[in-house]
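Participant: here is my input; please provide its structure:
(chains A and B)
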Amino acid sequence: MSQIALFDTPRFSVTDFTRRVRRLLEGDQALSDAWVQGEISNFTRAGSGHLYFTLKDAGAALRCVMWKGDALRVRGMPLQDGLSVEVHGKIGVYEISGQYQLIIDILRTAGEGALYAEFMRLKALLEAQGLFDPLRKRPLPNFPRVIGIITSPTGAALRDMLNVLRRRLPLVEVVLAATQVQGNEAPVGIVQALQKLNTLVRPDVILLARGGGSIEDLWAFNDERVVRAVAASEAPVITGVGHETDFTLVDFASDLRAPTPTAAAELATPITVLDLDGALQLDRQRLQDALTRQIDVRRAELELMNSGLRFYSPARRLQNENQRLDELVRRVTRAQAQRITLQSVHLAGVSRRLESLSPLAVLRRGYAVITNMEDGKVIQDASQAPVGAELHARLAKGMLNVKVQKSFSQEA
Amino acid sequence: MSPTPKSKSVQELTYEAAFTELEAIVAALESEGRSLDESLNLYERGQVLSAHCAALLEKAELKVRQLSGDELTDFEGQA
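Facilitator: Numbering: from 1, shown residues only, chains lettered A, B, ... in the order given. Down below sits the predicted model:
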């Protein structure tokens, strides 16, 4: 055996050998989908964003790498040497240095798996009891006057929220119910804070918040007592726990889940001081316009009245009457003139008729009018003038006194 | 809602109350059928209310108090 080994020509280059090792290792199903538990050592965060460390236990060491894309998901975790973790990944061979390593895609602190199982159990339980029912969610006020805040008095979350509220709606009054938000005392503290705010302060809305941390750090927000107290809160509750990617059970029970404490403060103040100022300016303008319009209307009415007044004024009536008078005078004059013309025409006719009727005209034709000298009566019948009677005979020119000498009756 | 001029001193009103009344006054002024005298009174009240609102916005400073036991105390924490 050793002879063969001594005198055989090399079958592999280093590269070929390493490649064969690589195919062998990477082809192993169990090593390509493995959960490994151990303690971190030689932890390095490279400038590229990749994480390098070694996982150790009492008997062995395993080189590990977590590429930048996966490392982003453990950004908030306090990774350091000595931390006990559970990792998931696959075996990889780095040919250049001839080393195998575990390429990690999931990393969680030891015990997290058990916590996750507990989270899922409690979530299913509370969900079945209707605590997460969307119909339970209460409407949030647009313009809160009093905002209750439940968080740690020393955390960055409180400072962030107060800054947001100061900037967006400084009219608001904040009541802080300080409590621990992490550790064994936290759940009881949070429940008491909720109860006190609801009974003593009665805020329009409550912000329950905490900055980012590991799943253990946020665990109080998965506590069944806290979840039930949030669901039972009289005032609507906005939760802002951890980062965007962190979901806790209170987030399901609250009336609104904000991704961060800052966002919670923003969502609690949908109307900002800028909006109020804008609305106020608008109302001022409307107020001004409304009055101006009213005065304009009054002015127009007044103008209308004035012209009416002018129309019916005595001076105008006098003018009118004068005009009417002139008109009447004109009409009367015209009528008069017409009448005079008619009259004169008429008169001429009448004169002619009169003339034709005048006895003188008859007399001129040779007739005479005989009248009784005594009584002046016109004699029309011979019997009216006995023989010897004296009569007047009126001629066209002059008069004769005549005496009746003989009378003839005209009876046939 | 009918505006109630001079029912309460404007200075005592909260922003919300003052603004609500201002809105009502504007709406009342915008509807016709009021005597000029009444309109002028409404306008004056509206002016006072809007000035009060503007002042409240201007000098608003976030008030932060803390529940200590069952008492409310000023919060002297981080600014």
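Participant: so which elements touch the longest strand along chain B?
Facilitator: As assigned by DSSP state E, the longest strand anywhere in chain B is strand B:63-68. Under the contact definition 3 or more Cβ pairs under 8 Å, 6 or more residues apart in numbering or on different chains; DSSP states H and E, strand B:63-68 sits against strand A:173-178, strand B:71-74. Glycine gets a C-beta too; all of them are placed from N, C-alpha and C.
Participant: pLDDT wise, what is the residue nearest to the spatial centre of chain A at?
Facilitator: Central residue of chain A (Cα atoms, centre = their mean): A:A279, 11.5 Å from the mean position. Confidence at A:A279, expressed as pLDDT, is 92.
Participant: so it makes contact with B:F19?
Facilitator: Yes: counting by Cβ atoms under 8 Å, B:F19 is a contact partner of A:A279 at 7.4 Å.
Participant: just the element for the residue nearest to the centre of chain A, please.
Facilitator: If you go by DSSP states H and E, A:A279 is part of helix A:273-311.
Participant: which helices and strands does that helix pack with?
Facilitator: In terms of contacts (3+ Cβ pairs under 8 Å, 6+ apart), helix A:273-311 is packed against helix B:15-30, helix B:36-59.
Participant: what ranges do the strands span in the stretch 201-350 of chain A?
Facilitator: Assigned by DSSP state E, counting those that start in this stretch, the strands in the stretch 201-350 of chain A fall at A:205-210, A:237-241, A:256-258.
Participant: quick one: closest of these to A:V87.
Facilitator: The closest of these to A:V87 is strand A:237-241. By Cβ to Cβ, the value is 25.3 Å.
Participant: what about chain A, any weak spots by pLDDT?
Facilitator: Counting by pLDDT under 70, chain A shows low-confidence ranges at A:1-7, A:359, A:410-412.
Participant: list the buried residues in the helix or strand encompassing A:V188.
Facilitator: Assigned by DSSP H and E, A:V188 belongs to helix A:186-196. The neighbour-count check on helix A:186-196 (16 or more other Cβ atoms under 10 Å in any protein chain shown) flags A:A186, A:P187, A:G189, A:I190, A:V191, A:A193, A:L194, A:K196 as buried.
Participant: tell me the most buried of the helices and strands packed on strand B:63-68?
Facilitator: Of all the helices and strands packed on strand B:63-68, strand A:173-178 has the most neighbours on average by mean count of other Cβ atoms under 10 Å in any protein chain shown, namely a mean of 23.
Participant: which elements pack onto it?
Facilitator: Counting contacts by 3+ Cβ pairs under 8 Å, 6+ apart, strand A:173-178 is packed against strand A:146-151, helix A:156-168, helix A:186-196, strand B:63-68.
Participant: alpha carbons of it, as CSV, please.
Facilitator: Below are the C-alpha coordinates for strand A:173-178, written out as CSV (Å, rounded to 0.1, in the frame of the first residue of the first chain):
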residue,chain,number,x,y,z
GLU,A,173,-50.8,67.9,26.6
VAL,A,174,-48.6,64.8,27.2
VAL,A,175,-49.0,62.6,30.3
LEU,A,176,-46.1,60.2,30.7
ALA,A,177,-46.8,57.0,32.6
ALA,A,178,-43.2,55.8,33.0
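Participant: relative to helix A:156-168, how tilted is it?
Facilitator: For strand A:173-178 against helix A:156-168, the angle by axes from the mean of the first three to the mean of the last three Cα atoms, to 10 degrees is 180 degrees.
Participant: so how far is strand A:173-178 off the chain centroid?
Facilitator: Strand A:173-178 sits 33 Å away from the centroid of its parent chain (Cα atoms, centre = their mean, to the nearest Å).
Participant: also stretch A:67-75?
Facilitator: Here stretch A:67-75 shows a centroid-to-chain-centroid distance of 44 Å under the convention Cα atoms, centre = their mean.
Participant: same check, this time on stretch A:381-395
Facilitator: Put simply, stretch A:381-395 sits 128 Å off its chain's centre (Cα atoms, centre = their mean).
Participant: same check on stretch A:318-329?
Facilitator: Taking Cα atoms, centre = their mean, one finds the center of stretch A:318-329 at 64 Å from the center of the full chain.
Participant: go on, stretch B:44-54?
Facilitator: From the chain centre to the centre of stretch B:44-54 is a distance of 8 Å (Cα atoms, centre = their mean).
Participant: among the buried residues of helix A:186-196, which are within reach of chain B?
Facilitator: The subset of those within reach of chain B, by Cβ under 8 Å from any Cβ of the partner chain, is A:A193, A:K196.
Participant: hang on, the earlier thing: out of the helices and strands packed on helix A:273-311, which comes closest to A:R22?
Facilitator: helix B:36-59 (69.2 Å).
Participant: not counting residues beside it along the chain, what's closest to the closest residue to chain B within the stretch 201-350 of chain A?
Facilitator: With Cβ to the nearest Cβ, the shortest gap between the stretch 201-350 of chain A and chain B falls at A:A290, namely 3.6 Å. Distances taken as Cβ to Cβ, 6 or more residues apart in numbering or on different chains place B:L29 nearest to A:A290, at 3.6 Å, with adjacent residues excluded.
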